[in-house]
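Peer 1: The following block contains a protein sequence and its predicted model.
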Amino acid sequence: METDGFSASRLFNQGYSYTYDDVIFLPGYIDFPTDDVTLSTNLTRNIHLSIPCVSSPMDTVTETSMAVTMAALGGIGIVHYNNTVSQQSSIIRNAKSHRIPFVNDLIFASPNDSIHSIDEFGNSPVIFVTESGNKESKVLGFVTKSNWVKLSDKEARVCDYMNNLPVTLPSSYDFEDVAGYIASEKLEFVTLVNENDGEVVNVVTSDDLERMKSFPKLGLPSLGKDGKFLVGAAVGTRESDKERLEHLVKEGINALVIDSSQGNSLYQIDMIKYVKKTYPNLDVIGGNVVTMYQAENLIKQGVDGLRVGMGSGSICTTQEVCAVGRGQAAAVYKVSSIAAQHGVPVIADGGISNSGHIVKALSLGASTVMMGSFLAGSNEAPGTYVYQNGVRVKKYRGMGSLEAMTKGSDARYLGDTAKLKIAQGVVGSVADKGSVLKFVPYTMQAVKQGFQDLGASSLPSAHELLRSGTLRLEVRTGAAQVEGGVHGLVGYEKKYF
């Protein structure tokens, strides 16, 4: 009997290691509009998200700004640990203190400093004056860029011409509250401060209000029971990470990722046991894994989520260097098949470069996708923009690159005690993508259209189509992959929104 395509069970049990581009879904039956598709999902057993998006714990992807923006959009950011304990704790503390969807640069000076150039303001309209010249000390006043420009003596100390304390609002105010106050009082900017210690957290300008109007409307943010943004953090499996974790828990992390390129190890299992015993209310995400055998070992220890992927990231060379890993489509399907039997959500980590890959990852059983290069290069990613051959870019590096390893990420690859360091990643750059506040909502709309074509109105319905065999797949030849993309043109400009 003639049939269309294969079921996932048949396709992924033939001994081939398929990745996202290797497979294509066949269309289903549409009986609902695109706007009826819901992408709400679970990150872990106990953490619910409005969108299935997670930013990767990489030092060129997730720090305060990315964590804040991802939570505001309904996803979550996982803060990297390629830094000191105090630095990681500070990032989490800052992110948890926000309720608006962006973080502006904060510039500080001491009373005896002089401002010699307008460049010292950066992108901020104001420089705050504190007792010691850093954000941890008491705010004494401020200097606006417009007032400094009018200043005749640029060598004067800021204490001689600074304004008194700026207008402040509690950092717990959401964007609508802050926007309403700026508009009603006709202010150029307003300062947000932590209610507990008065520390300056953010500054919101009238220009920010105009900029936000150009972005898609925000959906439901990711909030904890305390009303604060959900923020996750990563740690390794060393003894020192237990002390690090103690500080992160005090800062209020909502989820913990135990970070390893190969998670099926004695070290990770011991760490999972420790966390579960010491912090029983903290959701733990184990990994990385790509096989059912690996997944079962971590599920037995009580993990609340599994991170899937080994060597599929754009800057990862694990498969090339170590000859170990798995095609990401096969890995996601196989691990999610066993994880679903235990109610453990799967995070598809790596290999995401377009909305179609997200559709494939979620339809193959993942509950969320973790993204690195897809978010790198955005305004919210750490680092500064530079120009390469006329293109505005930001640095993006693998945590297995030698450059990242020198800061401590070699523990992720169980190589921190090795005499010789072997790289499993590279350092590169990613073109300027603009703001996550713009391209993630458009990407989610594209994912909704993909789900509609499949005949799935939600992630659970897509997973049911997968398990029942209703969802049909085929393998694409090289020629089919070429045909499925832009081809036959002398030149073109590719814009998705």
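Peer 2: Perfect, thanks for sending it.
Peer 1: How about Asn379: what's its closest non-neighbour residue?
Peer 2: Ser435 (4.7 Å; Cβ to Cβ, 6 or more residues apart in numbering). Bear in mind the C-beta positions are built from the backbone N, C-alpha and C, glycine included.
Peer 1: hang on, isn't that neighbour packed against Gly377?
Peer 2: No: using Cβ atoms under 8 Å, Ser435 is not in contact with Gly377, being 11.1 Å away.
Peer 1: which of those two has more neighbours?
Peer 2: Gly377 (23 against 17; other Cβ atoms under 10 Å).
Peer 1: what's the pLDDT at the nearest residue to the more buried one once chain neighbours are set aside?
Peer 2: Nearest non-adjacent residue to Gly377, counting by Cβ to Cβ, 6+ apart: Val430, 3.3 Å away. On the pLDDT scale, Val430 is placed at 77.
Peer 1: what about Val430, how many neighbours?
Peer 2: That count, for Val430 with other Cβ under 10 Å as the rule, works out to 22.
Peer 1: export the helix or strand hosting it as CSV, just CAs?
Peer 2: Assessed by DSSP states H and E, Val430 sits inside strand 427-431. What follows is strand 427-431, C-alpha atoms only, in CSV (Å, rounded to 0.1, in the frame of the first residue of the first chain):
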residue,chain,number,x,y,z
VAL,A,427,36.0,31.8,18.1
GLY,A,428,34.1,33.7,15.5
SER,A,429,31.8,36.6,14.9
VAL,A,430,28.1,37.1,14.2
ALA,A,431,26.5,39.9,12.2
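Peer 1: list the buried ones in it?
Peer 2: 428-430 (16 or more other Cβ atoms under 10 Å).
Peer 1: Gly252: which of those is nearest?
Peer 2: Val430 (30.6 Å; Cβ to Cβ).
Peer 1: From Ala446, how far out is the closest one?
Peer 2: Noted for Val430: a distance of 20 Å to Ala446, by Cβ to Cβ, to the nearest Å.
Peer 1: Give me the mean pLDDT for the helix or strand containing Val440.
Peer 2: Element membership for Val440, per DSSP H and E: helix 436-454. Averaging pLDDT along helix 436-454 yields 96.
Peer 1: Need the residues that contact whichever helix or strand comes after that helix.
Peer 2: Moving toward the C-terminus from helix 436-454, the next helix or strand (DSSP H and E) is helix 459-468. Residues outside helix 459-468 that contact it (Cβ atoms under 8 Å, 6 or more residues apart in numbering): 8, 28, 39-41, 52, 340, 362-365, 367, 451, 454-456, 470-471.
Peer 1: cool, stretch 209-220 as well?
Peer 2: By Cβ under 8 Å, 6+ apart, stretch 209-220 touches 50-51, 72-74, 101-102, 175, 179, 182-183, 435, 437-438, 441-442.
Peer 1: so which of the residues you listed would you say is closest to Ser222?
Peer 2: Using Cβ to Cβ, the contacts of stretch 209-220 come closest to Ser222 at Gly74, 5.6 Å.
Peer 1: Neighbours of the nearest residue to that closest one once chain neighbours are set aside, how many?
Peer 2: Leaving aside its chain neighbours, Gly74 sits nearest to Ser50 (2.9 Å; criterion: Cβ to Cβ, 6+ apart). Residues lying near Ser50 (other Cβ under 10 Å) number 19.
Peer 1: swap in Glu380?
Peer 2: If we define neighbours as other Cβ under 10 Å, then Glu380 has 28 of them.
Peer 1: Against Asn104, how distant is it?
Peer 2: 11 Å.
Peer 1: picking that back up, I'd like to know which of the contacts of stretch 209-220 is nearest to Val308.
Peer 2: The nearest one, if we look at those relative to Val308 and count by Cβ to Cβ, is Ile51, at 18.6 Å.
Peer 1: quick one: the closest one and Val359, what's the gap?
Peer 2: Counting by Cβ to Cβ, the gap from Ile51 to Val359 is 13 Å.
Peer 1: Repeat that for Arg244.
Peer 2: From Arg244 to Val359 the distance is 36 Å (Cβ to Cβ).
Peer 1: When these two are compared, which one has more neighbours?
Peer 2: Val359 (23 against 20).
Peer 1: Next up, phi/psi of that one, please.
Peer 2: Note on Val359: backbone dihedrals following degrees, to the nearest 10 are phi -60, psi -40.
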